[in-house]
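Peer 1: Pasting the sequence and the predicted coordinates here, then a few questions.
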Amino acid sequence: YHNMPAAAVLTSGTAAIHLALIILGVKQGDEVLCSSFTFSGTCNPVMYQQATPVFIDSDRETWNMDPGLLERAIEERIKLGKKPKAMIVVHLYGMPAQMKAIMSIAKKYEIPVIEDAAEALGTTIDGQYAGTFGDFGIFSFNGNKIITTSG
C-alpha cells in the first residue's frame, strides 16, 4: 500500500500546501522554490515552517515558473550549500506550467514537487491532468475557483 495514491481533504489549498511541506520535513532554515506570480496562500506555508521561499520568475508563454530560471536557481543554491528542500509550482488561471521540463529538473536534482493546481481543475497537459505530475497535487474549491463549495 506504500505507493497507493491517497487524498486528504483540508479547509483550504493553503492548508494542503502546509501539510505537504510538513510531510516533506521542511523546517526552519530550509529553502523552498516558489513561483513568483501567485496568490500569497501558495508561499505563506513556507513561512509557517520558518523556511525561506526562493522565488522563481515566470516564463512569457505560460506566466508560470520558468524552467530555465528554475534550474539556474537550483544550481546557484547548491553552490551555496543550500539545496532546496522542495518546490511549489503553480498552474495559474487554468494555464498549466511547463511540467515536463520542470519534472525533469526536479528528478535530476531530487527535489520533491508540490503542484498548486487550485486554478487548474480539469486542465490537461498532453492528456495528463494538472496536479498529477508532482509528488503532491493541491486543488481548491474556494468560492473563486472553477468548481466551488463556497469555502
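Peer 2: That came in fine, so what should we check first? What you see is a predicted model; the values in this text were computed from it and never measured. Numbers count the residues shown, from 1 in each chain.
Peer 1: switch to C-alpha atoms for all contacts and neighbour counts from now on
Peer 2: Noted.
Peer 1: mind listing the helices in this structure by residue range?
Peer 2: 13-23, 40-48, 67-79, 99-109 (DSSP state H).
Peer 1: Can you lay out those as a markdown table showing mean neighbour count, mean pLDDT and distance to Ala7?
Peer 2: Output for these, formatted as a markdown table (neighbours: other CA atoms under 10 Å; pLDDT from 0 to 100; distance: least, CA to CA, whole Å):
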| stretch | mean neighbour count | mean pLDDT | distance to Ala7 |
| --- | --- | --- | --- |
| helix 13-23 | 20 | 95 | 10 |
| helix 40-48 | 19 | 93 | 19 |
| helix 67-79 | 16 | 98 | 28 |
| helix 99-109 | 16 | 98 | 21 |
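Peer 1: For Phe141, give its distance to Thr149.
Peer 2: Distance of Phe141 to Thr149, computed by CA to CA, to the nearest Å: 5 Å.
Peer 1: Just want the most central residue of this protein.
Peer 2: Ile88 (2.2 Å; CA atoms, centre = their mean).
Peer 1: Who are the contact partners of it?
Peer 2: Val32, Leu33, Cys34, Ser35, Thr42, Cys43, Val113, Ile114, Glu115, Asp116 (CA atoms under 8 Å, 6 or more residues apart in numbering).
Peer 1: per-residue confidence for the last one?
Peer 2: At Asp116, the model reports a pLDDT of 95.
Peer 1: How confident was the prediction at the residue nearest to the centre of the chain?
Peer 2: 98.
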